[in-house]
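Undergrad: predicted model and sequence below, questions to follow.
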Amino acid sequence: MSGTMDQLLRDAAPQVLGAVIRRYHDFAAAEDAVQEALLAAAVQWPREGQPENPRAWLIQVAGRRMTDHVRSQVARRRREEAAAMEAELLAPPVDAERNVDEDDTLVLLFMCCHPSLTTASAIALTLRAVGGLATAEIASAFLVPESTMAQRISRAKTTIKSSGVPFRLPDAEERAQRLRAVLHVLYLIFNEGYVASGGEKLQRIELSSEAVRLARAVHKLLPDNGEVAGLLALMLLTDSRRAARSGPDGELIPLDKQDRVLWDRAEIAEGTELLKAALSKGSVGSYQLQAAIAAVHAEADRVEDTDWPQILALYELLKRMSDNPMVTLNHAIATAMVRGPAAGLDLLRPLDSDARLAGHHRLAAVRAHLLEMAGDREGAVQQFQLAAERTTSLPERNYLLMQAARLR
Amino acid sequence: MKYILMMNNMTLGPAYAGVTGWQPRDVEAHIAYLKGLTNELRESGELVSTEGLSLPDEARLVRAGKDGAPITDGVFPESKEFLAGYWIVDVENAGRAYAIGARASAAPGPGGEPLNMAIEVRRVVSDS
């Protein structure tokens, strides 16, 4: 299948699904029917040519599957076929597309990121129902067997069904909170893809590109929401370093050692523009602040040109906004860069008693770097080793062991 | 998060070591219990893989000699600890992995009594 057709199908997926759910009121079955329609398109279109109205074609094929489904259900219950006929008769014509199609993407996202689901289930369901990805693709992205992922998705759909979530946008007061959950899921999908961008995994779908695509869709629907713009900007600015952040053998290259020529200027420009527009509208949120920090890094052509005082000021704002130990950790690094390693190390101390971070490799790794800055080689070696023992990422472990070896 | 749950079954003492001497219905109950657990993990969408290993009667330690050819050592029928099988699961948090470990630990032994064998739970590192 060509890249553009794949893109077209995946872009259409949530809108087709929305239309089918509206007609048949059965999310789980509609989701399966749309997957089948996407598959049918992928097989038929290259052979027979793309239909004039691809979306209508998909809705029609999915609708036929739904009718079959309803019929078999009815048969199983030993009832008349009347209900299936009725479903068909009551169905509005295919081309009666309203402007709600685009909102459907959002309704679906709210549904897939429902609080009754575990994070892993929400991610899987979002990628399938909104991203239009096949179960096998999602499974390979998360390195689990296809049957495991299929089961996870099917359970998520059952959970949604039994929670009785209606297929419509949540109330205004609930919406802000639910949108946060959606943005969080997109952020996690992005991160999953970002850490897993090893060279030998080219055949794996690019989760970070998928997250960017979905964030773009949400931004298009809610152009005035600063946090949506902030998240999209953060993803683009982070993704811009992709080519520079690992070496030929997948080894980790930290920000200060990266070849900045490899940074993607187009992504930096787009992210920066988005961020500027969002910031000018007031009400600054945490994604915008994180994007702003990434933008400051992106501005520096050489690591020594980094505007650390500005980064420090942004982390201070971010720290006031959220009680997140990861923010404290990064705040400590910025502090060390501006006020010296001793000031940074002071800020790390309270984290030792923070249960969320106490045993985390990042704490030890940051402490190691700051100790090295302070000239305490022995202490740095010890902390690099500790961090290497604690991380669950092999490239990261190799990097940390190298650092310990370098100082020994 | 992926975890491996290893049934290092001999840390439980002599009871299990004598599995070959169990009553058939006890062996059956034991196998059915662990199969049931595996099926549950499959249905919950958490199972990544699982394998059982043959009994260590034919286990050898292998080292490369100077020319790279294998030098084998063993068998060690007296070993108290050996890996009998494992599950790799993809779960929400460590607590869930421990809960699954406890389920495996409580597999029934002779007379249907839970063995409460030790299950070693380790996080799997990712190559990314």
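TA: Looks like it came in fine.
Undergrad: do you know how far the closest residue to residue B:108 other than its chain neighbours is from chain A?
TA: Once flanking residues are discounted, residue B:108 sits nearest to residue B:29: 5.0 Å by Cβ to Cβ, 6 or more residues apart in numbering or on different chains. All C-beta spots, glycine's among them, are computed from the backbone N, C-alpha and C. Counting by Cβ to the nearest Cβ, to the nearest Å, the separation of residue B:29 from chain A is 26 Å.
Undergrad: host element of residue B:29?
TA: Using DSSP states H and E, residue B:29 sits in helix B:24-43.
Undergrad: quick check: buried residues in that helix?
TA: In terms of neighbour count (16 or more other Cβ atoms under 10 Å in any protein chain shown), helix B:24-43 has its buried residues at B:26-27, B:29-30, B:33-34, B:37-38, B:41.
Undergrad: nearest to residue A:248 among those?
TA: residue B:41 (38.0 Å; Cβ to Cβ).
Undergrad: pretty sure the closest one contacts residue B:47?
TA: Yes. In this structure residue B:41 lies within contact range of residue B:47 using Cβ atoms under 8 Å: 3.9 Å.
Undergrad: between those two, which contacts overlap?
TA: Shared contacts of residue B:41 and residue B:47, defined by Cβ atoms under 8 Å, 6 or more residues apart in numbering or on different chains, are found at B:87, B:89.
Undergrad: and for the residue of chain B found nearest chain A, the neighbour number?
TA: Residue nearest to chain A within chain B: residue B:45 (3.0 Å; Cβ to the nearest Cβ). Neighbourhood size, residue B:45 [other Cβ atoms under 10 Å in any protein chain shown]: 24.
Undergrad: surely it forms part of a strand?
TA: No. Using DSSP: H, G, I helix; E, B strand; the rest coil, the assignment for residue B:45 is coil, not a strand.
Undergrad: one step back: dump the buried residues of helix B:24-43 to a markdown table, plus pLDDT.
TA: Output for the buried residues of helix B:24-43, formatted as a markdown table (pLDDT from 0 to 100):
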| residue | pLDDT |
| --- | --- |
| B:26 | 90 |
| B:27 | 88 |
| B:29 | 93 |
| B:30 | 91 |
| B:33 | 95 |
| B:34 | 93 |
| B:37 | 96 |
| B:38 | 95 |
| B:41 | 96 |
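Undergrad: ok, so of these, who is nearest residue A:7?
TA: Among the buried residues of helix B:24-43, residue B:41 lies closest to residue A:7 (Cβ to Cβ), at 36.0 Å.
Undergrad: list the contacts of that closest one.
TA: B:47, B:50, B:87, B:89, B:100 are the contacts of residue B:41 under Cβ under 8 Å, 6+ apart.
Undergrad: try residue A:9
TA: Residues near residue A:9 by Cβ under 8 Å, 6+ apart: A:38, A:41-42, A:54, A:58, A:132.
Undergrad: same deal with residue A:213?
TA: Per Cβ under 8 Å, 6+ apart, neighbours of residue A:213: A:10, A:131.
Undergrad: chain B versus that one, what's the distance?
TA: 21 Å.
Undergrad: biggest separation within the contacts of residue B:41, which pair?
TA: B:50 and B:100 (11.1 Å).
Undergrad: what residues are shared contacts of those two?
TA: The contact sets of residue B:50 and residue B:100 overlap at B:41, B:87 (Cβ under 8 Å, 6+ apart).
Undergrad: so between the two, which is more surrounded?
TA: residue B:100 (23 against 17).
Undergrad: pretty sure that one sits against residue B:91.
TA: Yes. If you go by Cβ under 8 Å, residue B:100 and residue B:91 touch, sitting 7.3 Å apart.
Undergrad: hey, what's in contact with both of these two?
TA: Common neighbours of residue B:100 and residue B:91 (criterion: Cβ under 8 Å, 6+ apart): residue B:46.
Undergrad: could you look up the SS state of the residue in chain A positioned nearest to chain B?
TA: Scanning chain A for proximity to chain B using Cβ to the nearest Cβ identifies residue A:152 as nearest, at 3.0 Å. Secondary structure, three-state DSSP: residue A:152 is helix.
Undergrad: need the contact list for it.
TA: Applying Cβ under 8 Å, 6+ apart, the residues near residue A:152 are A:120-121, A:124, B:45-46.
Undergrad: low-confidence regions, chain A specifically.
TA: The model of chain A has pLDDT under 70 over residues A:1-2, A:78-102, A:194-205.
Undergrad: which bits of chain B sit near chain A?
TA: Contact residues, chain B versus chain A (Cβ under 8 Å from any Cβ of the partner chain): B:1-2, B:42-49, B:90, B:92, B:123-128.
Undergrad: mind redoing it with 6 Å?
TA: B:43, B:45, B:47-48, B:90, B:92, B:123, B:125-128 (Cβ under 6 Å from any Cβ of the partner chain).
Undergrad: point to the helix or strand of chain B where mean pLDDT is at its lowest.
TA: Within chain B, judged by mean pLDDT, DSSP states H and E, the helix or strand with the poorest mean is helix B:14-17; its value is a mean of 53.
Undergrad: before we move on, back to that, correct me, but the residue nearest to residue B:108 touches residue B:109?
TA: No. The criterion here is Cβ atoms under 6 Å, and residue B:29 misses it with residue B:109 at 9.0 Å.
Undergrad: pull out the buried residues from the host helix or strand of residue A:108.
TA: Element membership for residue A:108 (DSSP H and E) is helix A:100-112. Across helix A:100-112, burial judged by 16+ other Cβ under 10 Å covers A:101, A:104-112.
Undergrad: quickly list what's touching both of residue B:29 and residue B:109.
TA: Common contacts of residue B:29 and residue B:109 (Cβ atoms under 6 Å, 6 or more residues apart in numbering or on different chains): none found.
Undergrad: give the contact list for residue A:130.
TA: Under the criterion of Cβ under 6 Å, 6+ apart, the neighbours of residue A:130 are A:14, A:108-109.
Undergrad: with these in mind, which one is nearest to residue A:173?
TA: Nearest to residue A:173 out of those is residue A:109 (Cβ to Cβ; 18.1 Å).
Undergrad: which residue sits closest to the closest one, ignoring its sequence neighbours?
TA: Using Cβ to Cβ, 6+ apart and skipping the chain neighbours, the partner closest in space to residue A:109 is residue A:182 (4.9 Å).
Undergrad: contact partners of the helix or strand containing residue A:238?
TA: Using DSSP H and E, residue A:238 maps to helix A:226-239. Helix A:226-239 is contacted by residues A:183, A:190, A:208, A:212, A:215, A:218-219, A:222, A:267, A:270-271, A:274-275, A:278, A:281, A:283, A:285, A:287-288, A:290-291, A:294-295, A:298 when judged by Cβ under 6 Å, 6+ apart.
Undergrad: if we can go back for a sec, I figured the residue of chain B closest to chain A hits residue A:151, correct?
TA: Yes. Using Cβ under 6 Å as the test, residue B:45 is close enough to residue A:151 to be in contact (3.8 Å).
Undergrad: element containing the most far-flung residue of chain B relative to its centre?
TA: In chain B, counting by Cα atoms, centre = their mean, residue B:67 sits farthest out from the average C-alpha position, at 34.4 Å. Following DSSP H and E, there is no helix or strand that holds residue B:67.
Undergrad: likewise residue A:291?
TA: Residue A:291 belongs to helix A:286-299 when assigned by DSSP H and E.
Undergrad: list the buried residues of the helix or strand just after that helix.
TA: For helix A:286-299, the following helix or strand on the C-terminal side (DSSP H and E) is helix A:308-321. Residues of helix A:308-321 classed as buried by neighbour count (16+ other Cβ under 10 Å): A:308, A:310-315, A:318-319.
Undergrad: thinking again about what came up before, and which of the buried residues of helix A:100-112 is nearest to residue B:73?
TA: residue A:112 (54.6 Å).
Undergrad: thinking again about what came up before, got a quick ChimeraX command for the buried subset of the contacts of residue A:9?
TA: Buried subset of these, written as a ChimeraX selection, criterion 16+ other Cβ under 10 Å:
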select /A:38,41,54,58,132
